[in-house]
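**Q** missing the sequence, but the structure's below:
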């Protein structure tokens with residue numbers, strides 16, 4: 001019993017430090033090797049789509065109406081990626097549609113692809129003007 005206790009707890013601080021350093025080295029190697037062999041690709045002037053549950057999104061004004069994004073991934077995946085597989089969205093479902101607001105641009109890409117940068121990250125949204133409805137009774 002004493003032998004087991006000595007093996008486990010003698011110089012415990014040094015043993016703990018060794019385990020922590022080993023983990024840090026493993027994490028560094030894993031992160032570095034995961035990024036090796038990846039390439040970046042820039043997509044210019046991708047159109048924005050507005051998501052709204054209550055209003056006709058065709059009448060929204062978006063400024064700017066296009067974004068530039070930088071994606072990263074394995075070269076064989078990134079190089080065959082088509083623009084139609086990338087969806088740039090602005091969520092207006094919880095916005096107050098009676099006034100202008102700034103919306104965050106979300107980018108949906110296939111798995112294995114990472115979004116590195118979106119420019120601009122936010123856009124100005126102008127909701128549709130309310131239509132005056134007049135009922136005429138004859």
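**A** Nice, I can see it. Owing to the predicted nature of the structure, the values given are computational and were not obtained by experimental measurement.

**Q** skip the chain neighbours and tell me the closest residue to residue 116.
**A** residue 70 (4.3 Å; C-beta to C-beta, 6 or more residues apart in numbering). Placement of C-beta: from N, CA and C, glycine included.

**Q** which element is that neighbour on?
**A** Using DSSP states H and E, residue 70 falls within strand 66-73.

**Q** may I have the phi/psi pair for residue 20?
**A** Per-residue torsions, residue 20: phi -60, psi -40 (degrees, to the nearest 10).

**Q** so where's the longest strand in the chain?
**A** Longest strand in the chain, counting residues (DSSP state E): strand 39-51.

**Q** pLDDT of that one, averaged?
**A** Computed over strand 39-51, the mean pLDDT rounds to 92.

**Q** strand partners (parallel or antiparallel) of it?
**A** As defined by DSSP bridges, the strand partners of strand 39-51 come to strand 66-73 (antiparallel), strand 87-91 (parallel).

**Q** out of those, flag the one nearest residue 109.
**A** Nearest to residue 109, of all those, is strand 66-73, at 6.3 Å by C-beta to C-beta.

**Q** chain center to the closest one, what's the gap?
**A** 10 Å (C-alpha atoms, centre = their mean, to the nearest Å).

**Q** helix or strand: which one has residue 25?
**A** helix 12-35.

**Q** the spatially closest residue to residue 38 that is not a sequence neighbour: neighbour count?
**A** Spatial nearest neighbour of residue 38, excluding adjacent residues (C-beta to C-beta, 6+ apart): residue 72 at 5.4 Å. When neighbours are counted by other C-beta atoms under 10 Å, residue 72 registers 15.

**Q** next SSE downstream of the longest strand of the chain?
**A** Heading C-terminal from strand 39-51 (DSSP H and E), you reach strand 61-63.

**Q** which strands border that next one, and is each parallel or antiparallel?
**A** By DSSP bridges, strand 61-63 pairs with strand 122-126 (antiparallel).

**Q** what distance separates the partner strand from the centre of its chain?
**A** Using C-alpha atoms, centre = their mean, the offset of strand 122-126 from its chain centre is 18 Å.
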